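>>> Provided below for reference: sequence and predicted model.
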Amino acid sequence: MTDLARLPSYPSPTTLIARSGIQFLDFGFDPVRLRVREWGFHDAAGANGIDDLVQLDFDEVRGQYEVVESGRRRPAEPNLVVTAKDALAPFLDKWVPVPFLQVRPNNQFREGPADWARVRVVDLETRFGEGFRDEQGHRYRAVLAFDTGLIGEAEGRAYLAPSPKDVTSGALFALAPQQRANHWLLRQGWMSQWLEELFRELHPRATLEEIEADIKQK
């Protein structure tokens, strides 16, 4: 018997109240029930001058990884595969910035807001024992936290939080999980430092050379 609350059911889209402080939304998931259980990457070694690691899309029909270049897809072989468990490891029980961005037409995203959303993921097996699942069959709980404060738009000002204009226009925001939509955020200095500190906490004795060697062996 636990005091774990049952997860609510949210409408889509869900409305947040502007200037109401921090608002929290609770979700649950289990990697074995996810449509994608691992992610493939290609180490581009700086070939494109932007990202060393390029995230590949997995085509379930063809059963192959693909890369999108200039709007066209081609088969690509990953040289680094990350499972859901490994991807979650550095972030468990920690508040982490998350790319929850303004939605634009044709499933595109605006570059921002950059600093208004955080997520914290908890492994229920760690809390309640091996094999534990909540009433809905989830192993993990994820809490999304949104700072509902507003920042007015101005020329030269970074788009860090929703603006009053976003509120009046009914702007929509959503998680942007694909690298092509969030790479600009991951390359921000403050974000890179945040993620590196989380990794160092998980592997405190690892040197840069050891990290690079480990990546090449995978």
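Received, thanks. Since the structure is predicted, the reported quantities are computational estimates derived from the model, not experimental observations. Numbering: from 1, shown residues only.

>>> show me what counts as buried in the longest helix anywhere in the chain.
Ranked by number of residues, the top helix in the chain under DSSP state H is helix 189-202. Residues M191 are the ones in helix 189-202 that count as buried (16 or more other Cβ atoms under 10 Å). All C-beta atoms are positioned from the backbone trio N, CA, C, and that covers glycine.

>>> now for it, which elements pack on it?
Judged by 3 or more Cβ pairs under 8 Å, 6 or more residues apart in numbering; DSSP states H and E, helix 189-202 is in contact with strand 96-97, helix 179-186.

>>> return the member of these having the minimum mean pLDDT.
Lowest mean pLDDT of the helices and strands packed on helix 189-202: helix 179-186, a mean of 90.

>>> buried ones in that helix?
179, 181-185.

>>> could you dump the helices and strands packed on helix 189-202 to TSV with distance to R33?
Shown next, in TSV, are the helices and strands packed on helix 189-202 (distance: least, Cβ to Cβ, whole Å):
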stretch	distance to R33
strand 96-97	22
helix 179-186	23
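
>>> related to what we said a few turns ago, can you give me the offset of the longest helix of the chain from its chain's centre?
The chain centre lies 14 Å from the centre of helix 189-202; the measure is Cα atoms, centre = their mean, to the nearest Å.

>>> who's in contact with it?
When contacts are defined by Cβ atoms under 8 Å, 6 or more residues apart in numbering, helix 189-202 is touched by residues 89-91, 94, 96-97, 185-186, 206.

>>> tell me which two in those residues are the farthest apart.
L185 and A206 (24.7 Å; Cβ to Cβ).

>>> residue ranges for the helices of the protein, please.
Going by DSSP H, the chain shows helices at 84-88, 124-128, 164-169, 179-186, 189-202, 208-217.

>>> mind listing residues that contact the third one?
The contact list for helix 164-169, computed with Cβ under 8 Å, 6+ apart, reads 18, 102, 150, 152-153, 171.

>>> and which of the contacts of helix 189-202 is nearest to Y65?
L186 (20.1 Å).

>>> retrieve the pLDDT associated with the nearest residue to the closest one once chain neighbours are set aside.
Excluding its sequence neighbours, the residue lying closest to L186 (Cβ to Cβ, 6 or more residues apart in numbering) is S192, at 7.2 Å. Listed pLDDT for S192 reads 86.

>>> I'd like to know which of the contacts of helix 189-202 are buried.
Looks like the contacts of helix 189-202 have 90-91, 96-97, 185 buried, using 16+ other Cβ under 10 Å.

>>> from those, which is closest to D123?
F91 (10.6 Å).

>>> any idea how far the closest one lies from G21?
24 Å (Cβ to Cβ, to the nearest Å).

>>> equivalent analysis for V54, please.
Distance from V54 to G21, by Cβ to Cβ: 39 Å.

>>> thinking again about what came up before, the longest helix of the chain vs helix 179-186, what angle?
90 degrees (axes from the mean of the first three to the mean of the last three Cα atoms, to 10 degrees).

>>> what's the closest non-adjacent residue to A145?
R118 is the one closest to A145 (Cβ to Cβ, 6+ apart), at 4.6 Å.

>>> number of nearby residues for that neighbour?
Using other Cβ atoms under 10 Å, R118 has 18 neighbouring residues.

>>> the one 3 residues further on now?
By the criterion of other Cβ under 10 Å, V121 has 17 neighbours.
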